[in-house]
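1. What follows is a predicted protein model with its sequence.
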Amino acid sequence: MEKRKRGGCLGWCVFFIVLSGIIIAAFVYFKHKFLMNDDGAVPDHRGAITQKYADALKIAMQFFDIQKSGKLENNPISWRGDSGLRDGIEAKLDLSKGMYDAGDHVKFGFPMAFTATILSWAILEYGDQMESVDQLQPAQVSLRWITGFLLNAHPSDNVLYIQVGDPKIDHGCWNRPEDMKEKRPLIQVNVSSPGADVAAETAAALASSSLVFKASDPSYSTLLLKHAKQLFSFANKYRESYSVTIPQVRSYYNSTGYGDELLWAASWLLHATGEESYYEFVTGTDGEEYGDWGNPNPSWFSWDNKLAGAQVLLSRITFFGSKKDSPELNNYRKSAEALMCSLLPESPSASPSRTEGGLIWVTEWNALQHSVSSAFLATVYSDYMLTSRTRTLNCDGNYVIGQNDMKMSFLVGYGDNYPEYVHHRGASIPADESPGCKEGFKWLDSDDPNPNIATGALVGGPFLNETYIDSRNNSMQGEPTTYNSALIVGLLSGLVTTSSVVTSFR
């Protein structure tokens, strides 16, 4: 492959932007699976595997192995080794597992928990599709690696450790995780310094993962659910954002509120338990306050804003549950429908937040997060419609698919052309080198491509004008994250083959 110059400005395409972008690919899927199926039949078995999505899924799944901390087991990544083995020692906790957030070595609990929730959701909806291409077991292993950390980070009812490592110290270094010698301080939320947002997201992660492991490991599932309930109670009782009580977290994962996380966690606990208290939460005054019912402008799903995810998840009950006629739950479904309509390019309510090529584009930083998350929700929602034989969306618009002529990949390792200068320390430093904190910066500034391929990394993505600067110093566009990986794994799992979804997670 011809070497691309560092800093070159190229128009690049995500491999999976097949027709009008990965967002609209979900609706292509919807159209071919459902709208063109005149007899309304629901597939009762898996269809043919779409090989390009199967190949991409296998690649995307590998990034979780690259990001693992702790004593590695059956490690498939030749350039990764054990790291973070003393994390948590100052609190007499084992916080060695979990995953590093992105290209750095901090463990941020807020996005890590979101990663686990999305990975759980993907397994619950599309586990059979994952299994058809031998990716279910790797997904479950990666999920358990995170939940093991989250359980240990919750040593008592109202205490949750939400960060390992100091970003200022960590970002002052450029070295491999295996060579870290810097201090790794801990941050916790508790009664004195609550964090309803991060505690509720962790509750959502543990509740959803309890469903994943319910059949294969009932005792572990029970433990996960126990902690999920405790954390939701903590979050619900002490309602304040961790960005308010712990100001230093604002520089990296600043939370814009906690209501969406409370709603998201209650939604997952409702699915996991069926208990009336969680139903009352999402349909009562809390649901009315946080559910944003009747707002014609849908929100964008992300590590910070879970509202759109909660709306789709709760709409599931209106498709398959015993409370289909609940007017409050149907408010969530109406909101989810509004989001679907906003993604259709020629709907009267189509979102203007997109590139000329049709890619949903909301922000310069990590631009692909919103496009991939929207496509994942669209795929899930279309499968709800398929399985329930629901044939219409109330958009009053046409399903018109745009075109995109770009030809390159933002998924590292897929195809022949993908970013070579990914903003990732471990990938940038040769495996046989062990630089100290400052010595490694020569690799950050090197003109040579990364010596290690961060296979499966989904980088931040293009600017609004559909250009991308492949520079290791360009963290805005070139830094991958675990939550991006969870979203792309979920989306690809939904697209890899055709089948109906289960009507109940329990």
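-> Sure, I can see it.

2. Could you give the average pLDDT over stretch 216-233?
-> Computed over stretch 216-233, the mean pLDDT rounds to 98.

3. Strands of the stretch 201-350 of the chain, start to end?
-> With DSSP state E, counting those that start in this stretch as the criterion, the stretch 201-350 of the chain has no strands.

4. can you pull the contacts of the nearest residue to residue 136 once chain neighbours are set aside?
-> Excluding its sequence neighbours, the residue lying closest to residue 136 (CB to CB, 6 or more residues apart in numbering) is residue 130, at 4.0 Å. For glycine as for every other residue, the C-beta is placed from the backbone atoms N, C-alpha and C. Residue 130 makes contact with 57, 122, 123, 136, 139, 493, 496, according to CB atoms under 8 Å, 6 or more residues apart in numbering.

5. before we move on, which element is residue 130 in?
-> Using DSSP states H and E, residue 130 sits within helix 109-132.

6. Using CSV, list the CA coordinates for the next helix or strand after that helix.
-> Under the assignment DSSP H and E, the closest C-terminal helix or strand after helix 109-132 is helix 136-152. Below are the C-alpha coordinates for helix 136-152, written out as CSV (Å, rounded to 0.1, in the frame of the first residue of the first chain):
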residue,chain,number,x,y,z
LEU,A,136,-20.8,-14.3,20.4
GLN,A,137,-18.2,-15.9,22.7
PRO,A,138,-15.7,-13.1,22.2
ALA,A,139,-18.4,-10.5,22.9
GLN,A,140,-19.4,-12.2,26.1
VAL,A,141,-15.7,-12.5,27.2
SER,A,142,-15.1,-8.8,26.6
LEU,A,143,-18.4,-7.8,28.4
ARG,A,144,-17.4,-9.9,31.4
TRP,A,145,-14.0,-8.2,31.5
ILE,A,146,-15.8,-4.9,32.0
THR,A,147,-18.5,-6.1,34.4
GLY,A,148,-15.8,-7.7,36.6
PHE,A,149,-14.2,-4.2,37.0
LEU,A,150,-17.6,-2.5,37.6
LEU,A,151,-18.5,-5.0,40.3
ASN,A,152,-15.2,-4.5,42.1
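
7. quick one: buried residues of helix 136-152?
-> By 16 or more other CB atoms under 10 Å, the buried positions in helix 136-152 come out as 136, 138-140, 142-152.

8. Tell me which residues touch residue 332, please.
-> 282, 291, 293, 310, 311, 314, 315, 318.

9. whoops, I mixed them up, residue 238
-> Residue 238 is in contact with 158, 191, 194, 196, counting by CB under 8 Å, 6+ apart.

10. hmm, which of those residues are the buried ones?
-> Neighbour-count burial (16+ other CB under 10 Å) is assigned, among these, to 158, 194, 196.

11. thought the second one was touching residue 240?
-> Put plainly, it is residue 194. Yes: using CB atoms under 8 Å, residue 194 is in contact with residue 240, at 4.9 Å.

12. And the helices in the stretch 251-400 of the chain?
-> 259-273, 276-283, 285-290, 307-320, 327-343, 368-388 (DSSP state H, counting those that start in this stretch).

13. hey, which of those helices is tucked in deepest?
-> Highest mean neighbour count among those (mean count of other CB atoms under 10 Å): helix 259-273, with a mean of 27.

14. quick one: average confidence on it?
-> Averaging pLDDT along helix 259-273 gives 98.

15. From the contact counts, what lies against it?
-> For helix 259-273, the packing partners by 3 or more CB pairs under 8 Å, 6 or more residues apart in numbering; DSSP states H and E come out as helix 196-212, helix 218-237, helix 276-283, helix 285-290, helix 307-320.

16. of those, which approaches residue 247 most closely?
-> Go through those one by one with CB to CB and the one that ends up closest to residue 247 is helix 196-212, at 14.3 Å.

17. Compute the inter-axis angle for that closest one and helix 136-152.
-> 140 degrees (axes from the mean of the first three to the mean of the last three CA atoms, to 10 degrees).

18. Tell me what angle helix 196-212 forms with helix 109-132.
-> 20 degrees.

19. Helix 196-212 - contacts with which helices or strands?
-> Using 3+ CB pairs under 8 Å, 6+ apart, the elements in contact with helix 196-212 are helix 109-132, helix 136-152, strand 160-164, helix 218-237, helix 242-245, helix 259-273.

20. and these as CSV, adding distance to residue 103?
-> What follows is the helices and strands packed on helix 196-212, written out as CSV (distance: least, CB to CB, whole Å):
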stretch, distance to residue 103
helix 109-132, 13
helix 136-152, 18
strand 160-164, 16
helix 218-237, 29
helix 242-245, 23
helix 259-273, 26
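
21. in the protein, what spans have low per-residue confidence?
-> The chain contains residues with pLDDT under 70 at 1-46, 391-408.

22. The spatially closest residue to residue 151 that is not a sequence neighbour: neighbouring residues, count only.
-> Among residues not flanking residue 151 along the chain, residue 227 sits closest, at 5.9 Å (CB to CB, 6+ apart). For residue 227, the tally of surrounding residues (other CB atoms under 10 Å) stands at 22.

23. if I pick residue 227, what's in contact with it?
-> Residue 227 touches 150, 151, 154, 203, 206, counting by CB under 8 Å, 6+ apart.

24. CSV for these, including distance to residue 359?
-> Output for the contacts of residue 227, formatted as CSV (distance: CB to CB, whole Å):
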residue, distance to residue 359
150, 33
151, 38
154, 38
203, 33
206, 33
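
25. and residue 296, how many neighbours?
-> Counted by other CB under 10 Å, the residues lying close to residue 296 total 9.

26. do the same with residue 81
-> Neighbours of residue 81 (other CB under 10 Å): 15.

27. mind checking how far stretch 188-202 is from the chain centre?
-> 20 Å (CA atoms, centre = their mean, to the nearest Å).

28. for stretch 266-273, same thing?
-> 19 Å.

29. any idea how far residue 92 is from residue 288?
-> According to CB to CB, to the nearest Å, residue 288 and residue 92 sit 43 Å apart.
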